[in-house]
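Novice: Structure of the sequence below:
(one chain, ligands or ions: 2)
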Amino acid sequence: MNECVLPDPSGFFEIRFESIGGLGAHAAGQILARAAVLKMNLNGSHFSSYGSEKKGSPVRSYVRLGAADKPIRTSAPIDSPDVIVVFHGALLDQDITIAGMKNSGTLIFNGPADEAHEFLEKIPKGTRVVRIDATNIAIEELSRPNAVLLGTLTATVPFLDGDIVLSTLTEKFAKRNPQAAASNERAFKRGAEEYEVLEGVGKGEGDLPVIRPSPVLGYETAPIGGVIPYAGNTVSNDLSTSRTGWMPLFTAKECIHCGLCATVCPDFCLVWTHEQEGEEVPVVRLKGVDYQYCKGCMRCIETCPTEAMTRVTETPGLADRERVPLYSQGATGA
Ligand code: SF4
Ligand code: SF4
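Specialist: Ligands and ions are numbered 1, 2, ... in the order given. All right, here's what the predicted structure looks like:
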């Protein structure tokens, strides 16, 4: 067993994965804690919190590590982590994703090169900010972002032994799916090599404040009968973070306006217009997708008889640029 020494053996080293169901944050936390406890002579605990549905809804996964002689007697959520790993770039737009970020800590986020994220200015000045294009690497290697991000995490946090974490990852898949084990290994190694440390992006002073997510309605405030008292709440919903790296892209010149995509879209996020020239009967035309309501299920792509709907990697800002709003700003209240 390797002896791994924490930066501060008198305290805990805490890692928080900020993710969306389906990107593998829970599995990443399990693998990391398993490697630390069984092979690095550390104490460790791991647990996750989910939303109402697993896939597509926000997931937080927590890993708390301590020295072998320091028992972990808490399973409280990690409010002020030493490392935050963000599995999806869209999550960076929410304050709660980076809440509690330490000035002395590390932020690792999934994002392509040369896409500046203005939100990163909120990060404390002293925080080390690390970018890795985990989605594209995962696609290229037929793996998942969690393998890439584990590689980046172990490469940027020196006391975590990358070889041990990789061998634990491989063991998980070796018997069940040897092909996946090889893909994950390549993805992990690329994560450890292809990351970029961004200099001078954070402008915040001191640690960021802690935010505890609190439900709008609890047992004391929920109306009797389970009624949702907010009118129009589905209009103001935003499903952007339900997409897990891919989005449908509409190419108007390929579209024959057959309407098949509309019959399968579960969220009615396709935008149609009625065009009328002179006395002619109005013609219904597809204009595009309102990505605020698109959860990225890809049914429209599977159904489209032409190549008018194609699956593309979602890069920051692409959905905003391509979005065709279903409602006016006033109607959404957004
Ligand atoms: S991927 Fe296509 S079918 Fe699925 S929600 Fe988005 S637009 Fe609708
Ligand atoms: S299924 Fe394809 S061709 Fe038909 S309306 Fe939708 S995008 Fe256009």
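Novice: Could you list the low-confidence segments of the protein?
Specialist: Residues of the chain that meet the criterion pLDDT under 70 lie in 1-3, 51-56, 116, 230-233, 329-334.
Novice: Residue numbers of it in contact with ligand 1?
Specialist: Contacts of the chain with ligand 1, taken as C-beta under 6 Å from any ligand atom, map to 248, 264-267, 269-270, 289, 294-300. Every residue, glycine included, has its C-beta placed from N, CA and C.
Novice: which residues sit in contact with the residue of the stretch 101-250 of the chain found nearest ligand 2?
Specialist: Using C-beta to the nearest ligand atom, the closest approach of the stretch 101-250 of the chain to ligand 2 is made by residue 250 at 6.3 Å. Neighbour list for residue 250: 286, 288-289, 308-309, 322 [criterion: C-beta atoms under 8 Å, 6 or more residues apart in numbering].
Novice: Mind doing that once more with 10 Å?
Specialist: Residue 250 sits next to 261, 270-271, 286-289, 300, 304, 308-310, 322, 324 when contact means C-beta atoms under 10 Å, 6 or more residues apart in numbering.
Novice: Which parts of the stretch 51-200 of the chain are strands?
Specialist: In the stretch 51-200 of the chain, the segments counted as strands under DSSP state E, counting those that start in this stretch are 58-67, 83-86, 106-110, 128-132, 196-198.
Novice: of all these, which lies closest to residue 213?
Specialist: Closest of the strands of the stretch 51-200 of the chain to residue 213 is strand 58-67, at 8.5 Å (criterion: C-beta to C-beta).
Novice: The closest one pairs with which strands, parallel or anti?
Specialist: strand 13-20 (antiparallel), strand 42-50 (antiparallel) (DSSP bridges).
Novice: between the first one and strand 106-110, how big is the angle?
Specialist: Read it as strand 13-20. For strand 13-20 against strand 106-110, the angle by axes from the mean of the first three to the mean of the last three C-alpha atoms, to 10 degrees is 20 degrees.
Novice: Of all the residues in strand 13-20, which ones are buried?
Specialist: Neighbour-count burial for strand 13-20, with 16 or more other C-beta atoms under 10 Å as criterion, is recorded at 13-20.
Novice: got the residues of the stretch 151-300 of the chain near ligand 2?
Specialist: Neighbours of ligand 2 within the stretch 151-300 of the chain, by C-beta under 6 Å from any ligand atom: 255-261, 286.
Novice: For ChimeraX, what selects the buried ones among these?
Specialist: This is the ChimeraX syntax for the buried subset of those, where burial follows 16+ other C-beta under 10 Å:
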select :255,260,261,286
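Novice: show me where the stretch 1-150 of the chain has helices.
Specialist: Ranges of helices within the stretch 1-150 of the chain are 25-39, 134-140, 145-156, based on DSSP state H, counting those that start in this stretch.
Novice: tell me the most buried of these?
Specialist: Ranked by mean neighbour count, the helices of the stretch 1-150 of the chain are led by helix 145-156 with a mean of 27 (mean count of other C-beta atoms under 10 Å).
Novice: Output the contacting helices and strands for it.
Specialist: strand 13-20, helix 25-39, strand 83-86, strand 106-110, strand 128-132, helix 134-140, helix 162-174, helix 178-193 (3 or more C-beta pairs under 10 Å, 6 or more residues apart in numbering; DSSP states H and E).
Novice: can I get those in JSON lines with distance to residue 156?
Specialist: JSON lines is the format used below for these (distance: least, C-beta to C-beta, whole Å):
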{"stretch": "strand 13-20", "distance to residue 156": "11"}
{"stretch": "helix 25-39", "distance to residue 156": "13"}
{"stretch": "strand 83-86", "distance to residue 156": "8"}
{"stretch": "strand 106-110", "distance to residue 156": "6"}
{"stretch": "strand 128-132", "distance to residue 156": "5"}
{"stretch": "helix 134-140", "distance to residue 156": "13"}
{"stretch": "helix 162-174", "distance to residue 156": "10"}
{"stretch": "helix 178-193", "distance to residue 156": "9"}
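Novice: Out of those, which is closest to residue 146?
Specialist: Nearest of the helices and strands packed on helix 145-156 to residue 146, taken as C-beta to C-beta: helix 25-39 at 4.0 Å.
Novice: next one: phi and psi at the residue of the stretch 101-250 of the chain closest to ligand 2?
Specialist: The phi/psi pair for residue 250 (degrees, to the nearest 10) reads phi -100, psi 130.
Novice: which residues pair with it across the strands?
Specialist: Applying DSSP bridges to residue 250, the residues it is bridged with are residue 309.
Novice: give the contact list for residue 314.
Specialist: Shown in contact with residue 314 (C-beta under 10 Å, 6+ apart): 88-90, 112, 135, 240, 243-249, 291, 296.
Novice: That should have said residue 109, apologies.
Specialist: By C-beta under 10 Å, 6+ apart, residue 109 lies in contact with 18, 84-89, 91-92, 97-98, 117, 119-120, 123, 129-132, 134, 149, 152, 198.
Novice: Now residue 151: closest residue in space, sequence neighbours ignored.
Specialist: residue 191 (2.7 Å; C-beta to C-beta, 6 or more residues apart in numbering).
Novice: Residue 147 is in contact with that neighbour, correct?
Specialist: Yes: taking C-beta atoms under 10 Å as the definition, residue 191 is a contact partner of residue 147 at 7.0 Å.
Novice: hey, what's residue 246 bridged with?
Specialist: Counting by DSSP bridges, residue 246 forms beta bridges with residue 313.
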